[in-house]
Every structure is written in structure tokens, then in C-alpha cells.
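Enquirer: Sequence and predicted structure below; questions after.
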Amino acid sequence: MNILLIDDDRLVRQGLRFLINEAWSESKEIYEADGVKNGIQAIQQYLPDIVFLDVEMQDGTGFELLNSLKEMNFQLIFVTAHDHYAIHAFEFSAIDFLLKPVDEEHLQRALQRVKKNINKQHIENQLMILNESLKNIQNQDKKIALRDQENIYFIKVQEIVQCQAQGAYTLFYLESGKQILVSKTLKEYDELLTPFLFFRVHHAHLINLNKIKQFHKLDNYLIMQDGMEIPVSIRKKEDLLKVIDKL
């Protein structure tokens, strides 16, 4: 297993090397590069299985490095100090990222995920969604990457009918009838999807406002376009009515 660390901060590279060695006892070789130019050369030379890539370096960005490659036969983990808006972009794409300073627990989880996907090449589609998110494209074209235990699905946000809490997981219901169970909480998706006309009508239900068919106000439940009945909590009812009036 070859791992490549691309970051222009020597101390960050040293810290990552230490944490990776602590978290991963399996046989591996860890290589380093300190910028975009050296990073491209290192990818060509070492053929890494996993790349830890800084977003902003002195001689360019991680995105510029990736755009210069003809193919990406590796798993990718971004290392970033970006603001909250950019973090949402990473979450939409389901590309693993670590915030500086890197936390050992977060690194362990990221490594576990990429090891499971080491032979699956989704990175081009994920980068496309990441770039779209960073460019803030129109809502109707917005895509999100949903990762279950076996696959990563690339879904238009407006194809989602509703999201339902399943403990520490979230179950997505799509207009095609497909269901996808994702290992993130509903709270995380509430924060991510609310700007795209989603509304938390109940502690266990986040719905796409564009997919409402009927609202039974007396009995406090919605009927969605797919026929599902969704309860509306009493404390959310008035807020929901205000939002619907603005549609």
C-alpha cells in the first residue's frame, strides 16, 4: 500500500505520517511532496493508493493538481483549513476531508472509509460534484453523493423526496422509488439540505418542499408525491405554513 502526503507545510506532513502510522499497522510506504509540481511528479513516480492532498499550497491548489492528471487511480482525502461554506461542498461530494489541525479520530474514520473503497473508482464524479458545489450552481442542477456500505450514488438533490432518521443513519427516499441508507445523522443532512427547499417537519423527517402533494392541517400530516404520509410535529406546523406560503 502506497500513501502520498502532498502539503507545503512540513509539520503537517510530519503530523499526518505519525497519525497514519499510529492508526494503520498494515504494511505500507508513505511518501511526501511539498507542492503541486512535486505532487504531480510523486503521483507518477509512486503510483499511490491513497493521496492526502492540501487544498491550498504556495505553488497552486489541490484542484489544479487534480485537473492536470489524465486519470486518478487512487483514493483521495483532502486536508483543508477552508471555511464552513467550503466544508458543505465537501459533504455534498462525499469526498473525505480532514480539517487542520488534523484530529486522530477523524483520520482513523477517513482511513477506514477509503480502505473499503480502495478498488472503487468514484473520484471523478465526486470531484465534479465538489466543483459544482464550490461554484454554487443553480438549485435544480445541484447534485449530492450518497454513500452506503457498498456504493456511492450521485443524485440530483431535487430527486430526493424525503429523508428519515434511522438512529445514527439516514434513509433517503428518491422519486424513483429507490431507498439509500447512509451512515450520517439526519441533523447533518438538515443543515446541508435546508438551503435547497428542504424542511425538518418532525424530529425524524426532513422533506423536500417541492414534493408535497397535500397537507392535512387538522391531522398534522403531509402526503408526499410518492404517496408516503409524513407526520408534522405541532411545534413545526406554523413554521411549515409560513414556508409554504412563500413557495
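Expert: Received, thanks.
Enquirer: going forward, measure contacts and count neighbours with C-alpha atoms only.
Expert: Fine.
Enquirer: Read off the pLDDT value for F196.
Expert: pLDDT, F196: 85.
Enquirer: Quick check: Y46 touching M1?
Expert: No. Counting by Cα atoms under 8 Å, M1 is not a contact partner of Y46; they are 10.4 Å apart.
Enquirer: Walk me through the domains of the chain.
Expert: Domains of the chain are assigned by automatic domain parsing as 2-133, 156-245.
Enquirer: These: lowest mean pLDDT?
Expert: domain 2-133 (a mean of 84).
Enquirer: Distance from that domain to the middle of the chain?
Expert: 14 Å (Cα atoms, centre = their mean, to the nearest Å).
Enquirer: can you check stretch 230-239 too?
Expert: 28 Å.
Enquirer: For that stretch, list every residue counted as buried.
Expert: Residues I230, P231, V232, S233, K237 are the ones in stretch 230-239 that count as buried (16 or more other Cα atoms under 10 Å).
Enquirer: separation between the fourth one and K213?
Expert: Counting by Cα to Cα, to the nearest Å, the gap between S233 and K213 amounts to 18 Å.
Enquirer: ok so, going back, compare Y46 and M1 and say which is more crowded by neighbours.
Expert: Neighbour count, other Cα atoms under 10 Å: between Y46 and M1, Y46 has more, with 14 against 11.
Enquirer: Got phi/psi on the more buried one?
Expert: phi -100, psi -10 (degrees, to the nearest 10).
Enquirer: Find the nearest non-adjacent residue to it, please.
Expert: Of all residues not flanking Y46 in the chain, N2 sits nearest, at 7.2 Å (Cα to Cα, 6 or more residues apart in numbering).
Enquirer: quick one: the residue with the largest distance to the centre of the chain from L209, how far?
Expert: In the chain, counting by Cα atoms, centre = their mean, L218 sits farthest out from the average C-alpha position, at 38.0 Å. Distance from L218 to L209, counting by Cα to Cα: 19 Å.
Enquirer: same deal with I244?
Expert: With Cα to Cα as the criterion, I244 and L209 are 8 Å apart.
Enquirer: Looking at these two, which is more packed in?
Expert: L209 (21 against 13).
Enquirer: just checking, that one touches L197?
Expert: Yes. Using Cα under 8 Å, L209 is in contact with L197, at 5.7 Å.
Enquirer: what is in contact with those two at once?
Expert: Common neighbours of L209 and L197, using Cα atoms under 8 Å, 6 or more residues apart in numbering, do not exist here.
Enquirer: Tell me what E56 is bridged to.
Expert: Going by DSSP bridges, E56 is paired in beta bridges with T61.
Enquirer: I'd like the numbering to begin with 55 instead of 1 from here.
Expert: From this message on, residue numbering opens at 55, which makes the last subject E110.
Enquirer: That one - how many residues pack around it?
Expert: Neighbour tally, E110, other Cα under 10 Å: 19.
Enquirer: Show me where the chain has its helices.
Expert: Secondary structure of the chain (DSSP state H): helices located at 64-77, 90-100, 116-121, 138-147, 158-170, 177-188, 240-247, 288-299.
Enquirer: between the buried residues of stretch 284-293, which is closest to D157?
Expert: Distance to D157, by Cα to Cα, is smallest for S287 among the buried residues of stretch 284-293, at 37.3 Å.
Enquirer: Tell me what the closest residue in space to that closest one that isn't next to it in sequence is bridged to.
Expert: What sits nearest to S287 in space, not counting adjacent residues and going by Cα to Cα, 6+ apart, is H256, at 5.2 Å. For H256, the beta-bridge partners are H259 (DSSP bridges).
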